[in-house]
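Asks: prediction below, plus the sequence it came from.
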Amino acid sequence: DGTKKELVTVDKSTLAGGIMKYALTTENIEPTDGSAYTTSIPTATNAGTYYVWYYVWGDENHTDTTPACIEVTISKQAPKPDPNAPTGKVTILNTVANTAKKTNHVIWNKSKVKNATNYELNWRTKGAKKWASKTVGNTTVATAAGLSVKGLYEFRVRPKNGSAAGAWSNTVYRYFHTTEKIRLASKSKGAFTMSWKNNPQATSYQVMFSTNWNGAGAANNITTVGKGKTSFTKSGLKSGTTYYVQVREIRKVGNTNYIGNTSIPVAVKVK
């Protein structure tokens, strides 16, 4: 906050047999020049890490003690909230990938956000320190471009009012790959079997289906099958009904599930 602060507190009531002396360094290296020590308690103003060296300069009845060190950190003051910044939080709902164009459309809900004029989309690969960034208008979708097939990505969004920024959304994790060679393997009365090409990188697969041609509602009908599986059978369905089936891969890294691209719906009319 710009004010000078004493870096240590001394209980003078415990001192006997000498005088406390101090020296201050910005590296953990003991001063070799005795004149660096004074009786004044060290102070500092700027944020950073400091090393306070001290010892007792003994009187005629006591010897000097060996210098010791205390590490002290002054933290940066948290910035004051910008009164022009948007309030409320964005929630990312979904992403829609286009492998051919190497893009991912990120879709969010902004119903709880107030005072926003534009939105900032961030994305980065797993392990990267820097985020790529794109700013769009007062909308609910933005496109991340230049993605790599089978890459692992993180996405987040925040509202802005000019340059004043609000809070970041939830972070979503995506595996930029679409399951290949999805097809109807067989069907019987009230059932169908789907198959696909195995991807060794996938740790599991999710099979989704809906009665809507665009896949709407498929998130309510998801079955997960394990690593290395290349088929799935769904039974107990209504005869004569057309279902639209989609498959996506999951790649688990550590404790994080990176969700693959959702495939184009395959129409299956059940016998």
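Replies: Cool, got the structure.

Asks: next, Ala219: secondary structure please.
Replies: Following DSSP: H, G, I helix; E, B strand; the rest coil, Ala219 is assigned to helix.

Asks: correct me if wrong: it contacts Met208.
Replies: Yes - in this structure, Ala219 is within contact of Met208 by C-beta atoms under 8 Å, at 6.7 Å. In this view, the C-beta of every residue, glycine as well, is placed from N, C-alpha and C.

Asks: which of these two has more neighbours?
Replies: Met208 (20 against 13; other C-beta atoms under 10 Å).

Asks: hang on, isn't the more buried one packed against Ala216?
Replies: No - the pair Met208 / Ala216 is not scored as a contact, 10.9 Å apart, by C-beta under 8 Å.

Asks: spatially central, which residue of the protein would that be?
Replies: Thr171 (5.3 Å; C-alpha atoms, centre = their mean).

Asks: let's verify the residue lying closest to that one once chain neighbours are set aside: helix, strand, or coil?
Replies: What sits nearest to Thr171 in space, not counting adjacent residues and going by C-beta to C-beta, 6 or more residues apart in numbering, is Arg156, at 4.8 Å. With three-state DSSP as the basis, Arg156 sits in strand.

Asks: ok, Arg156 - how many residues close by?
Replies: Arg156 has 19 neighbours, counted by other C-beta under 10 Å.

Asks: just to revisit the earlier point, where does the residue nearest to the centre of the chain fall, phi/psi-wise?
Replies: Phi and psi for Thr171, reported as degrees, to the nearest 10, are phi -100, psi 130.

Asks: mind showing which ranges of the chain have poor pLDDT?
Replies: Across the chain, the ranges flagged by pLDDT under 70 are 1, 13-14.

Asks: quickly find the element holding the residue of it most remote from its centre.
Replies: Farthest-out residue of the chain from its mean C-alpha position, per C-alpha atoms, centre = their mean: Glu60, at 61.6 Å. Glu60 is part of no helix or strand when elements are defined by DSSP states H and E.

Asks: same check on Val225?
Replies: Per DSSP H and E: strand 222-226 holds Val225.

Asks: next one: that strand to chain centre, how far?
Replies: Taking the mean of its C-alpha atoms, strand 222-226 sits 26 Å from the chain's own mean (C-alpha atoms, centre = their mean, to the nearest Å).

Asks: likewise for stretch 55-72?
Replies: The chain centre lies 48 Å from the centre of stretch 55-72; the measure is C-alpha atoms, centre = their mean.

Asks: one more: stretch 145-154?
Replies: How far stretch 145-154 lies from its chain's middle: 15 Å, per C-alpha atoms, centre = their mean.
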